[in-house]
Each structure stands twice: as C-alpha cells, then as structure tokens.
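Asker: Turn this into a structure:
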Amino acid sequence: MQTQPDGLIAELQAKNPKAFERIYDRYSESTFGVINSVLKDKHLAEEVLQDVFVKIWNNAESYNSSKGRFFTWVLNIARNAAIDKTRSKAYKNKQKNLKAEYFVDIIEEKNSFSNKIDAIGIQKYINVLKPYCKKIINLLYFQGFTQAEASEELEMPLGTLKTRNRNCMNKLREILTN
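Answerer: So this is what the prediction gives:
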C-alpha cells in the first residue's frame, strides 16, 4: 500500500489543479470499483465517479489527516454518493425496467466479493478476518446496504451488527497499520 501523500493533499487543499490530476490518477480506478460494486451499472458509476471527484475538489479542505487516511476519506465519499444514487427516485424507476441480462450478471457476481475487495487492494487483509466480518463488510461497504438492511439480511439484531461492524473495522485498521 502506498504511503499517504501529505504534500500532494496539501497542494489539493490549496486548489492546485495539477495535484487534483495526480489524486485522480492515483485513486480513480479503485474509487470507480467501489461505486460500480454498489450500482452495478458502468455508465451510472462513471457519472457518480465524476460527482465524487467534484466533491473531493470542493471539500478538500475538510479532510483532516488526524481523523483517518485520505484514501479512506475518498472511499467514504464514493460509497455515500453511490448509496445516495441508489436511493434516488430516478434510479429506483430505472430499476423497475431492468433487462434480463442484469439479473444474470447479479447471479454471476454474487460470489465475486473477493473480486471486489481485490480490485481495491485489500484482499489479503480481508482474508484474515472472521467470516462474519467478511459478510458484514460485503453488505455494508460493497453492496451498499444500510446497517438496518444488513441486520435484516443477516437476521441479526441491529445493535449486534453495529458492534460487530465496529469490531471488524477496528481489526481491519489494526491489520493495516501493522
């Protein structure tokens, strides 16, 4: 994993367009992977990716390195934007008229959790986690479930899911920092 580019981030926060281009080159592919894993629509994911990088440019000064890694901040923006898109009225209306190929893709992708986590470079870290952590991370961070939806899907009380999610994220953070 690359070291955090503090100088590059400072340049981005100073609104340097060259720094923005370098940030885009460095993070766009993995960010697109996260967005596309939630939306399952390449063209829509490309639109959301563009929106995400506009948000990064407009809100760069709100990033604080003491609260976490820049990459995590970027992925949170991307994940939230993708989830917001799935909750939009236009997206829901579009889903009502899906072609049969979409459902075939969903069936084929059902077991592609490892492909998704490998795409953003955390496969070896996720593999160390307990099976319930993998399920929770898959639902919350790669499929765009809310905590309430994941709780229902896993037939687990919401409080238990939140606690396990926090514990899983702490374990993942611990693995990544060692």
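Asker: Residue 125: what's its closest spatial neighbour, skipping adjacent residues?
Answerer: The shortest distance from residue 125 to any non-neighbouring residue, by CB to CB, 6 or more residues apart in numbering, is to residue 175 (5.1 Å). No exception for glycine: its C-beta is placed from N, CA and C like everyone else's.
Asker: And for residue 171?
Answerer: Take residue 171 and drop its neighbours on the chain: the residue closest to it by CB to CB, 6+ apart is residue 129, 6.2 Å away.
Asker: what sits against residue 139?
Answerer: Residues near residue 139 by CB atoms under 8 Å, 6 or more residues apart in numbering: 145, 149-150, 153-154.
Asker: Identify each buried residue in stretch 55-64, please.
Answerer: By neighbour count on 16 or more other CB atoms under 10 Å, the buried set for stretch 55-64 is 55-56, 60, 63.
Asker: what two of the residues you listed are the furthest from one another?
Answerer: 55 and 63 (11.2 Å; CB to CB).
Asker: Turn the contacts of residue 139 into a markdown table, including neighbour count, secondary structure and pLDDT.
Answerer: Converted to a markdown table, the contacts of residue 139 look like this (neighbours: other CB atoms under 10 Å; DSSP: H, G, I helix; E, B strand; the rest coil; pLDDT from 0 to 100):
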| residue | neighbour count | secondary structure | pLDDT |
| --- | --- | --- | --- |
| 145 | 19 | coil | 84 |
| 149 | 14 | helix | 88 |
| 150 | 23 | helix | 90 |
| 153 | 14 | helix | 90 |
| 154 | 16 | coil | 92 |
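Asker: The residue nearest to residue 8 when sequence neighbours are not counted: helix or strand, and which one exactly?
Answerer: Of all residues not flanking residue 8 in the chain, residue 19 sits nearest, at 5.5 Å (CB to CB, 6+ apart). Using DSSP states H and E, residue 19 maps to helix 17-39.
Asker: Show me what the next helix or strand after that helix packs onto, helices and strands only.
Answerer: Later in the chain than helix 17-39, the nearest helix or strand by DSSP H and E is helix 42-59. Judged by 3 or more CB pairs under 8 Å, 6 or more residues apart in numbering; DSSP states H and E, helix 42-59 is in contact with helix 17-39, helix 70-86.
Asker: Can you pull the poorly scored residue ranges out of the chain?
Answerer: 1-5, 89-122 (pLDDT under 70).
Asker: Mind splitting it into its structural domains?
Answerer: 1-110, 111-178 (automatic domain parsing).
Asker: And stretch 153-164, what's buried?
Answerer: Buried, per 16+ other CB under 10 Å, within stretch 153-164: 154, 156, 161-162, 164.
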